[in-house]
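Enquirer: pasting the structure only:
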């Protein structure tokens, strides 16, 4: 059994002198096998992935796999520190105004030495901002990976779904998901998974995805146990070159251009009729809006057909407020 090693990497020093670290767990099997990098909690409120990865480490301690594995359960400790009375925020850097999953360079194609030198300049510079150093460490830790999995969560409830490269739509099918959403080079916005697929073409072929599971500010021991086992089985398939049989009809694929936010046409208190995973046809009711100032209860009907991927957390909304993540259906 391979021993799992733990190492910490300095991210930033706080005004009180405390050092914030990124903690990494890894074990090395052989130079001849694939390397898998998995991280979670890049956004502060998306904590279910951390629980999944801590349980995955327990499974790996019991029975190691023929893989080199790097696990970062809490990819962004700064985001987790951004909390309020009811939970963690941590989606954006409040000082720089950046979404933490839009800070990764995707338009640089370097040789191996050029990329290593670029990362060294970032990590050992005293003048870079915390987001640049964060992106540098995470790209450094995942530099040699053949497979990259970035675990996220959506809204207050969502169906599990995967974002991945349109050129390799089947690579992550065995992961628990109801929908596969495919992006291409023209769709890149600086997300972590995107930064691996095209940027490192001169270095090696990397398969990368964002795996969306669970909800924000939500933990479930049952769910994280189930998904940790699913992830372990997926890794076992990679390590032992076993292809899982998946029914393609149960996992529809959509281009990311069909994936968008859905907004409410009215302000008020929202109550959903439909549930996540439902396909809602044009003109079909999906929610109600109650307006205490007007005494009205307004039925909301779909402007077009869509699949409801995730529901956002606000119950009291403004007109044009984003209320859900959806995929448009023609």
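Expert: Cool, the structure landed. As the structure is a computational prediction, the values presented were derived from the model and not from experiment.

Enquirer: okay, CA-based contacts and neighbour counts for the rest of this
Expert: Fine.

Enquirer: Roughly how far does residue 64 sit from residue 233?
Expert: Distance of residue 64 to residue 233, computed by CA to CA, to the nearest Å: 12 Å.

Enquirer: between the two, who's got more neighbours?
Expert: residue 64 (20 against 16; other CA atoms under 10 Å).

Enquirer: so when I look at that one, I'm seeing a helix, right?
Expert: No: going by DSSP: H, G, I helix; E, B strand; the rest coil, the assignment for residue 64 is coil, not a helix.

Enquirer: In this protein, where's the longest helix?
Expert: helix 221-239 (DSSP state H).

Enquirer: Point out the other helices and strands that it packs with.
Expert: helix 48-62 (3 or more CA pairs under 8 Å, 6 or more residues apart in numbering; DSSP states H and E).

Enquirer: Go again with 10 Å.
Expert: Packing partners of helix 221-239 (3 or more CA pairs under 10 Å, 6 or more residues apart in numbering; DSSP states H and E): strand 35-40, helix 48-62, strand 147-152.

Enquirer: and the angle from that helix to strand 147-152?
Expert: 170 degrees (axes from the mean of the first three to the mean of the last three CA atoms, to 10 degrees).

Enquirer: Okay, buried residues for stretch 220-227 please.
Expert: Residues of stretch 220-227 classed as buried by neighbour count (16 or more other CA atoms under 10 Å): 224-225, 227.

Enquirer: circling back: check which element follows the longest helix of the chain along the chain.
Expert: strand 253-255 (DSSP states H and E).

Enquirer: what's the average pLDDT for that next one?
Expert: Averaged across strand 253-255, the pLDDT comes to 93.

Enquirer: Residues touching it, excluding its own?
Expert: 162-166, 169-170, 178-184, 187, 327-329 (CA atoms under 10 Å, 6 or more residues apart in numbering).

Enquirer: Can you give the strand pairings for that strand, parallel or anti for each?
Expert: strand 179-183 (parallel) (DSSP bridges).

Enquirer: Can you classify residue 217 as helix, strand or coil?
Expert: Classified using three-state DSSP, residue 217 is coil.

Enquirer: show me what contacts the closest residue to it other than its chain neighbours?
Expert: Excluding the flanking residues, the one nearest residue 217 by CA to CA, 6 or more residues apart in numbering is residue 45, at 4.9 Å. Residue 45 makes contacts with 79-83, 87-91, 152-155, 215-218, as judged by CA under 10 Å, 6+ apart.
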